[in-house]
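>>> Structural data only, the sequence is not supplied:
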């Protein structure tokens, strides 16, 4: 390592590369934290991302990715169940080369200096120099306590060294803390402060994304990014037969109509549904849009009487 004058630094003939995930979601040699409640679809989303990177296909059909080698390390479920997931996901990407998606399934690996498994993995990552390394979930890999800033710092220092040695970007999967409620019983949305454990978790990554899933679909919310423009929340639909998430453009359009209607106060739920249907949305799409907005705590739902509910927008 040598110090440079600022002019020598500026004169380096390096091209400014686009991000690994555009627009501005994950830079090269960057770090992304994806979190959400259990059964929210996070592991399927990052497995889908691994195959998208391997094939160059957009993530969720929306976010452009740089094609390259993806490594996915999963530490939460058994090998048989994970194998079934991979088999199903791979069927959605028949053009994927097996060499471009490398997998490790281990319930015992820990990011500790004395761990032979971790040493072997890091040596392999440095040798392969993948475009993307996915670690799922963080708490299973951590040697220590998620609530300890010191323990997390040791983990992140190890990952920073791995990024420097291999040139990869890293995606970590995590979980939120227990929900907090206000005096009226409504869930208090604290943004990325809802991530479980020490706040070091949201200070270290370049991007923090929150994923939620309901019976009718889900959403991907960008809570921290270093991009010039903050991406809007992406509404998702999930196909359990293929394990794939897709952008739900119809529901996203319905969301905008609902939020526009509520700019100046609440409205009965039946009136909101009627207006959506009048504007050409199907009843199922209208109900899915309301369900997602409620699940993401964007709408407050207050009972008016036995049959009607008032919707109020919580955040603008």
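It's in. These figures come from a predicted structure and were not determined experimentally.

>>> which residues of the stretch 101-250 of the chain fall in strands?
Counting by DSSP state E, counting those that start in this stretch, the stretch 101-250 of the chain has strands at residues 101-105, 132-136, 169-174, 207-214, 217-224, 234-239, 244-247.

>>> I'd like to know which of the ones you listed is closest to residue 12.
The closest of those to residue 12 is strand 169-174. By C-beta to C-beta, the value is 20.9 Å. Heads up, the C-betas are built off the backbone N, CA and C, glycines and all.

>>> helices or strands next to the closest one in the packing?
Applying 3 or more C-beta pairs under 8 Å, 6 or more residues apart in numbering; DSSP states H and E, one finds that strand 169-174 contacts strand 31-35, helix 42-55, strand 132-136, helix 138-141, helix 149-166.

>>> Can you tell me the element residue 253 falls in?
helix 249-261 (DSSP states H and E).

>>> That helix vs strand 217-224, what angle?
Here helix 249-261 points in a direction 70 degrees away from that of strand 217-224 (axes from the mean of the first three to the mean of the last three C-alpha atoms, to 10 degrees).

>>> What average pLDDT does stretch 75-87 get?
Stretch 75-87 shows a mean pLDDT of 96.

>>> That stretch: which residues count as buried?
75, 82, 85, 86 (16 or more other C-beta atoms under 10 Å).

>>> Helices - which of these land there?
Among the buried residues of stretch 75-87, DSSP state H puts 82, 85, 86 in helices.

>>> nearest to residue 115, of the residues you listed?
Nearest member of those to residue 115, counting by C-beta to C-beta, is residue 82, at 20.4 Å.

>>> how far away is that closest one from residue 31?
For residue 82, the distance to residue 31 equals 24 Å [C-beta to C-beta, to the nearest Å].

>>> just to revisit the earlier point, take the ones in helices among the buried residues of stretch 75-87 and write them to a markdown table, including distance to residue 12.
Listed next are these as a markdown table, based on distance: C-beta to C-beta, whole Å:
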| residue | distance to residue 12 |
| --- | --- |
| 82 | 42 |
| 85 | 43 |
| 86 | 40 |
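
>>> Find the nearest non-adjacent residue to the most centrally placed residue in the chain, please.
In the chain, the centroid-proximal residue (C-alpha atoms, centre = their mean) is residue 34; its distance is 3.5 Å. Once flanking residues are discounted, residue 34 sits nearest to residue 209: 4.9 Å by C-beta to C-beta, 6 or more residues apart in numbering.

>>> Next, count neighbours for that neighbour.
Using other C-beta atoms under 10 Å, residue 209 is surrounded by 25 other residues.

>>> repeat for the one 3 residues further on
By the other C-beta under 10 Å criterion, the neighbourhood of residue 212 contains 21 residues.

>>> So what pairs up with it in the strands?
Bridge pairing for residue 212 (DSSP bridges) gives the partners residue 219.

>>> re earlier: and residue 248, which of the helices and strands packed on strand 169-174 is closest to it?
That would be helix 42-55 among the helices and strands packed on strand 169-174, by C-beta to C-beta, at 14.0 Å.

>>> Quick one: list the elements packing against the closest one.
Using 3+ C-beta pairs under 8 Å, 6+ apart, helix 42-55 sits against strand 31-35, strand 70-74, helix 79-90, strand 101-105, strand 132-136, strand 169-174, strand 244-247.

>>> Okay, now the unreliable bits of the stretch 151-300 of the chain?
Within the stretch 151-300 of the chain, the stretches with pLDDT under 70 are 177-194, 196, 214-217, 296.

>>> Many thanks, we can stop here.
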